[in-house]
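>>> the sequence and its predicted three-dimensional model are supplied below.
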Amino acid sequence: MELEILEQDACEALGMGAFLGVAKASDLPPKFIHLTYRPSGTPRRKLAIVGKGLTFDSGGLNIKAGAGSMIEMMKFDMGGAAATLGAAKAIAQLKPDVEVHFISAAAENMISGRAMRPGDILTASNGKTIEVNNTDAEGRLTLADALVFAEKLGVDAIVDLATLTGACIVALGDNIAGLWSTDDTLAKDLQQAAQTAGEKYWQMPLEDKYFDGLKSIVADMKNTGPRFGGAITAALFLKQFIQSVPWAHLDIAGTVWTEKENGYNSPGGTGFGVRTLVQWVLS
Ligand code: BES
Ligand code: MG
Ligand code: ZN
């Protein structure tokens, strides 16, 4: 496989202002990870898998506070990136005739004198501007630049996985992930792969009308909408960073971790998504 790590200066040169805004406060530098698997012959298709890679999510200045904020769990906020790299390991061993790009804009969401401020306006690598009305909606900021990067590779489809919203856990609980897609065929292919793999996803609406909740008077959009339908506005936010490639978003906030043995998983990180992604790439 080929590995390319873009350091902060390279990300700056690409204009990844959304990703870098999130990374600003941490003493640990951001790393934009791009791993590529190429088959020996001509690839049957080219795919990209993008994983949210927050090594810790404190919430930033909108700090996760109070009982139920789950701040002590937020080491699992890299579960999307972990599943992406887990799928890479399996795919490199199975050697399908498909080119696959594995991507994560990895960073830590922290507080310090260098932190992104609530109210800051960031410019992403596709030129769109974002009013950060809540620093805790950081995953979508990192994914914005990762999705723009993925589409520029000229792939046939992009799937992202992210521990994106508490709202998705409220909607679907801890055993079913949310699925949003701009493309019915891609959604169907993923559901088929999930069924074979034994994972559960429930398709949710990309309801354009709800984008009203993200309207800003000072930027192209805010990063946070109203509390109700929060997993949907998060998906609609991501959609702003896709031009025309078939794309699907998997919200794995509920499924990334388990406290108990449940037949498939031991307590701890579950690796949710790996089985489905591998099956999808092979299909
Ligand atoms: N990483 C969290 C989402 C999360 C919360 C995953 C709880 C697993 C358990 C994400 O970055 C986040 O903080 N989302 C906010 C968004 C809100 C500010 C719009 C949330 O869901 O509360
Ligand atoms: Mg957050
Ligand atoms: Zn997060």
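That came in fine, so what should we check first? Ligands and ions are numbered 1, 2, ... in the order given.

>>> where do the strands sit along the stretch 101-250 of the chain?
All strands of the stretch 101-250 of the chain, identified by DSSP state E, counting those that start in this stretch, fall at 121-123, 129-131, 157-162, 177-181, 201-203, 221-222, 247-251.

>>> identify whichever of those strands lies nearest to ligand 3.
Nearest to ligand 3, of all those, is strand 157-162, at 8.0 Å by C-beta to the ion. C-beta: built from backbone N, CA, C; applies to glycine.

>>> got CSV for the strands of the stretch 101-250 of the chain, with mean neighbour count too?
Listed next are these as CSV, based on neighbours: other C-beta atoms under 10 Å:
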stretch, mean neighbour count
strand 121-123, 17
strand 129-131, 20
strand 157-162, 28
strand 177-181, 25
strand 201-203, 17
strand 221-222, 20
strand 247-251, 27
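
>>> would you mind giving those as a markdown table with distance to residue 105 and mean pLDDT added?
Below are the strands of the stretch 101-250 of the chain laid out as a markdown table (distance: least, C-beta to C-beta, whole Å; pLDDT from 0 to 100):
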| stretch | distance to residue 105 | mean pLDDT |
| --- | --- | --- |
| strand 121-123 | 13 | 99 |
| strand 129-131 | 14 | 99 |
| strand 157-162 | 11 | 99 |
| strand 177-181 | 19 | 99 |
| strand 201-203 | 23 | 99 |
| strand 221-222 | 18 | 99 |
| strand 247-251 | 15 | 99 |
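
>>> and residue 110, which of those strands is closest to it?
Checking the strands of the stretch 101-250 of the chain against residue 110 by C-beta to C-beta gives strand 121-123 as the closest, at 16.5 Å.

>>> longest helix in this protein, please.
In the chain, with assignment by DSSP state H, the single longest helix is helix 79-94.

>>> what's the burial count for residue 41?
Residue 41 has 7 neighbouring residues, counting by other C-beta atoms under 10 Å.

>>> in which helix or strand would I find it?
Assigned by DSSP states H and E, residue 41 falls within no helix or strand.

>>> tell me the contacts of it?
The contact partners of residue 41, taken as C-beta atoms under 8 Å, 6 or more residues apart in numbering, are residue 97.

>>> repeat that for residue 222.
Per C-beta under 8 Å, 6+ apart, neighbours of residue 222: 130-133, 214-216.

>>> how is residue 27 assigned, secondary-structure-wise?
Classification of residue 27 by DSSP: H, G, I helix; E, B strand; the rest coil places it in coil.

>>> look up how far residue 111 lies from it.
11 Å (C-beta to C-beta, to the nearest Å).

>>> more neighbours, the two?
More neighbours surround residue 111 than the other of residue 27 and residue 111, with 16 against 8 (other C-beta under 10 Å).

>>> so that one sits against residue 60, correct?
Yes: under the criterion of C-beta atoms under 8 Å, residue 111 makes contact with residue 60 at 6.1 Å.

>>> from residue 77, how far out is the residue of the stretch 101-250 of the chain at minimum distance from ligand 1?
Nearest residue of the stretch 101-250 of the chain to ligand 1: residue 166, at 3.4 Å (C-beta to the nearest ligand atom). Distance, residue 166 to residue 77, by C-beta to C-beta: 12 Å.

>>> between those two, which is the more surrounded one?
Counting neighbours by other C-beta under 10 Å for residue 166 and for residue 77 shows that residue 77 has the greater number, 25 against 18.

>>> for the closest residue to that one other than its chain neighbours, what are its contacts?
Of all residues not flanking residue 77 in the chain, residue 54 sits nearest, at 3.7 Å (C-beta to C-beta, 6 or more residues apart in numbering). For residue 54, the contacting residues are 22, 74, 77-78, 106-109, 138-139, 142, 163, by C-beta under 8 Å, 6+ apart.
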